[in-house]
Every structure is written in structure tokens, then in C-alpha cells.
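In: Next input, structure requested:
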Amino acid sequence: MERDFFYVELRGFDTHNDIREVMEQLFDNLNFALESFVAELKAQGVFDATTLVTSSDFGRTLTSNGKGTDHGWAGNYVVLGGAIKGGQVYNRFPSSLVEGNNQDAGRGRMIPEYPWENVLMPIAEWMGVEGAHQRDVFPNIQNFNASHILATNVLFSS
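Out: Okay, here's the model as predicted:
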């Protein structure tokens, strides 16, 4: 096996009420965990062979429900690692976040322009998933314009 895969879950982000204090604590915990983990990977000399990805099973609305936000579609990923071409925002932000914009499905639920496969496809390729196996891992990939999928050499430096 050339690559190992580990899944870690951090719950509690599905907040609908009084989110500021909860989110500050969650992001402080996440930041501390990532800083500590990256420091350990570097100390062991394996950071360049490691890729970390954050994800969520849903995005959040841009409008409030009175105390917080509700489930939405569009979201963000964070990718880091020694081989990642970091310090960049890939793809593009919506041209407008105002209610009623072209990507607003109502109540601030943004329709994503890019599929989640956009960032996960190059990671899968980096892990060794090639050719016909890509459709097994990403069965919806044929539904998207290939220009909306990051090339492996765009995300990775090696």
C-alpha cells in the first residue's frame, strides 16, 4: 500500500442556535488539533507525504433563521499538506452573495458551482485511483464539466 487513509470526525458544527460561542470553541479546538498534528507530521518527516482534507455533509445558509443558520448546499473545503500548492483559493467565489443572486436557491441556500469531486478527484489520483476506477469511486463525475475538476498537478506540487 502506497497510501493510507484515515477518517476523523469532529461533531458539533450542526448548530442552529447561538452559534457564535459554539463555533468559536469548535474552530479553536480544530485549529489546535491541526497545528499539533502538522507539527507531529513534520517532526516525523512525513508531512510531505500527507494530505489533510476537511469536509462537511452539508453547507450552511447565508441568511439567519433568527439565531443561526440552517442546512444549505454549497460549502468550503480546506486542503493542506506538504505536497499541496498551498496559500491559494481554488475555483472562484460567487460573484454575489446577495439574496436572489444566480446561485441562490432561496433563503441564502447557495447552489454550488463546483462539485465536491472537484478537490477529491485529484486527491484520489494522488492516492493511486486511476482510469476506469475513477468512475467507480466518483459515479457522478460524468455529470460535470471536466474544467470544474482540479487537475492533480494544479493541487499538488509533486
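
In: can we go C-alpha only for contacts and neighbour counts from here?
Out: OK.

In: what's the burial count for residue 20?
Out: Other residues lying near residue 20 total 12 when counted by other CA atoms under 10 Å.

In: got it, and residue 16?
Out: Using other CA under 10 Å, residue 16 has 15 neighbouring residues.

In: give me every residue that touches it.
Out: By CA atoms under 8 Å, 6 or more residues apart in numbering, the residues touching residue 16 are 65, 67, 68, 69, 70.

In: In which helix or strand does it reside?
Out: Using DSSP states H and E, residue 16 maps to neither a helix nor a strand.

In: same check, this time on residue 135
Out: Residue 135 belongs to helix 133-137, assigned by DSSP H and E.

In: Quick check: mean pLDDT of that helix?
Out: For helix 133-137, mean pLDDT is 90.

In: and the helix or strand just after it, what other elements does it pack with?
Out: Following helix 133-137 in sequence order, the next helix or strand is helix 152-155 (DSSP H and E). Counting contacts by 3 or more CA pairs under 8 Å, 6 or more residues apart in numbering; DSSP states H and E, helix 152-155 packs against helix 117-126.

In: Using CSV, write out every CA atom in the helix it packs on.
Out: Output of helix 117-126 as CSV, limited to C-alpha atoms (Å, rounded to 0.1, in the frame of the first residue of the first chain):
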residue,chain,number,x,y,z
GLU,A,117,-15.4,15.8,-6.7
ASN,A,118,-13.5,19.0,-7.7
VAL,A,119,-11.0,18.6,-4.9
LEU,A,120,-11.4,14.9,-4.1
MET,A,121,-10.6,13.7,-7.6
PRO,A,122,-7.0,15.0,-7.6
ILE,A,123,-6.6,13.6,-4.1
ALA,A,124,-7.9,10.2,-5.3
GLU,A,125,-5.4,10.3,-8.2
TRP,A,126,-2.6,11.2,-5.8
